[in-house]
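Undergrad: I need the structure of the sequence given here:
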Amino acid sequence: MPEPAQPTCTVVRGSHSYEGKQGLSYFEGISAQSAGATGLCMHLLTIPPGGRARAHLHERHETAIYVLSGEAEMWYGEGLREHVVTGPGDFVYIPAGVPHLPANRSQTEPCIAVIARTDPNEQESVVLLPELDETAGFTADRR
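TA: Modelled structure (predicted):
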């Protein structure tokens, strides 16, 4: 039986994007699919002006976010009752299983962030929470 291939370094060119279950577009970065990662993924997220995600949670993995530019807000926790505003240079930590809904506060400028998660298959444990989509003052047309 042949020996399994040894892991090696991989460069992923940031030219491909995909639409996440959350309703936002991500520039593909490091993941199980792109680089053979086994314990993390990292992507670049751009929330367009006035854009927002669908309410969701990540069942089994933590998320770390670094805001590069723009200003975002996020409703989180039970019933999305908690609220935070972030800007360039801010780090955000989201524990596994915490409902959240991020949005871009600006109607003219995108918000750009680096997102890292402890699940190499970034979309595997995304759980949409449509019952929370209309909370936090949002209406369906603000997606």
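Undergrad: would you agree Leu128 is in contact with Arg54?
TA: Yes. Counting by C-beta atoms under 8 Å, Arg54 is a contact partner of Leu128 at 5.5 Å. For the C-beta atoms, the positions are set from N, CA and C on the backbone; glycine is no exception.
Undergrad: more neighbours: which of those two?
TA: More crowded of Leu128 and Arg54, by other C-beta atoms under 10 Å: Arg54, with 18 against 15.
Undergrad: gap between the more buried one and His100?
TA: From Arg54 across to His100, the span is 10 Å (C-beta to C-beta, to the nearest Å).
Undergrad: SS state for Ala103?
TA: strand (DSSP: H, G, I helix; E, B strand; the rest coil).
Undergrad: per-residue confidence for Glu122?
TA: We have a pLDDT of 67 for Glu122.
Undergrad: ugh, typo on my part, it should be Gln6
TA: Looking at Gln6, the pLDDT reads 80.
Undergrad: tell me how many other residues surround it.
TA: Neighbour tally, Gln6, other C-beta under 10 Å: 5.
Undergrad: ditto for Leu40
TA: 18.
Undergrad: so which residues of this structure form helices?
TA: With helices called from DSSP state H, the chain shows them at 32-35.
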